[in-house]
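Chemist: A predicted structure for the sequence below; I have some questions about it.
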Amino acid sequence: MIDFPEIRYRLTSPWRYFRIQDDTSFLAWIDWYLPVSIAFLSIIGMVTKSYYFVPKAHDLVTNTFENILAVCSLSNIIYILPGFFIAALSAIATFDKPSLDEYMPGTNPPRVNLKMSGIENINEYTLTRRRFLCMMFSFLSAQSLILAIIIFITKNFIIDLGIKLKPIFCSMCTWGLSFSLEFFFQLLAFFILFIFFQIVFITLHGLYYLGERLLNTN
């Protein structure tokens, strides 16, 4: 009999990085607040450019497509990231350095709820540096792969379909339809930018650990 809960548990394991409990709001700022803020400001900038800094001959539909195309140009970077993160994950998991297996410093070090055996056996574990970094780069590997797929689908299907249907949109374009179309593409652009900046900030945090923190004592 197929154990669907176990399949789901294993396939979603990279995103258990977000289950890490930190007594400070430090991880929350890196994982959520900063990516959301930068992505939101980027969308505000693109919308402002569309309304105030483009030729008046450009219609709203054209400006919206140009914005999402600009966001999808990140694919040149995104497509190479999964391989880089998987290589980093392999190196961290096998690197022979005793300090990696020490618990992270602090009076209340980061901890996480994980299942080791049996679907009911979920326990809280204090994180070692190795486990923390493995969870981080496992998440980055999966998240960058998902983002690459989203950008590929957006570029090759959603935008292409939108461009082919653009004459229809322009001919029957009411204010409500224009707003709905722009809102959809701006929301899609925000979602892509949020994931991208989330990967950027978490990567910088991981590089801090790899390049500096692991070389220091507690």
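Modeler: Good, I have the coordinates.

Chemist: return the helix or strand in the protein with minimum mean pLDDT.
Modeler: Least confident helix or strand of the chain, by mean pLDDT, DSSP states H and E, is helix 166-171 with a mean of 62.

Chemist: nearest residue to the middle of this protein?
Modeler: Residue closest to the average C-alpha location in the chain (Cα atoms, centre = their mean): residue 195, at 2.9 Å.

Chemist: identify the residues contacting residue 153.
Modeler: With contacts defined as Cβ atoms under 8 Å, 6 or more residues apart in numbering, residue 153 is in contact with no residue. C-beta here means a position set from N, CA and C on the backbone, and glycine is covered the same way.

Chemist: please, which helix or strand holds it?
Modeler: helix 129-153 (DSSP states H and E).

Chemist: now do that helix, average pLDDT.
Modeler: For helix 129-153, mean pLDDT rounds to 95.

Chemist: and the pLDDT at residue 50?
Modeler: At residue 50, pLDDT is 71.

Chemist: longest helix of the protein, counting residues only.
Modeler: Longest helix in the chain, counting residues (DSSP state H): helix 175-211.

Chemist: and that helix, what does it pack onto?
Modeler: For helix 175-211, the packing partners by 3 or more Cβ pairs under 8 Å, 6 or more residues apart in numbering; DSSP states H and E come out as helix 34-52, helix 60-72, helix 81-94, helix 129-153.

Chemist: point out where the protein drops to low pLDDT.
Modeler: 1, 53-63, 116-121, 162-179, 215-218 (pLDDT under 70).

Chemist: what residues of stretch 140-152 count as buried?
Modeler: Across stretch 140-152, burial judged by 16 or more other Cβ atoms under 10 Å covers 140, 141, 142, 143, 144, 145, 147, 148, 150, 151.

Chemist: ok, the third one - contacts?
Modeler: In this case it means residue 142. Residue 142 touches 14, 15, counting by Cβ under 8 Å, 6+ apart.

Chemist: and it, how far is that from residue 35?
Modeler: Relative to residue 35, residue 142 is positioned 16 Å away (Cβ to Cβ, to the nearest Å).

Chemist: likewise residue 184?
Modeler: 21 Å.

Chemist: comparing the two, which residue is more hemmed in?
Modeler: Shown here are residue 184 and residue 35; by other Cβ atoms under 10 Å, residue 35 has more neighbours (21 against 14).

Chemist: check contacts around that one.
Modeler: Counted by Cβ under 8 Å, 6+ apart, residue 35 has contacts 194, 195, 197, 198, 200, 201.

Chemist: switch the cut-off to 7 Å
Modeler: Residue 35 sits next to 194, 197, 198, 201 when contact means Cβ atoms under 7 Å, 6 or more residues apart in numbering.

Chemist: out of those residues, which is nearest to residue 3?
Modeler: Distance ranking of the contacts of residue 35 against residue 3, using Cβ to Cβ, places residue 198 first at 30.9 Å.

Chemist: give the contact list for that closest one.
Modeler: Residue 198 neighbours (Cβ under 7 Å, 6+ apart): 31, 35.

Chemist: returning to that earlier point: including distance to residue 205, could the buried residues of stretch 140-152 go into TSV?
Modeler: Below are these laid out as TSV (distance: Cβ to Cβ, whole Å):
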residue	distance to residue 205
140	10
141	15
142	17
143	14
144	15
145	19
147	18
148	21
150	23
151	23
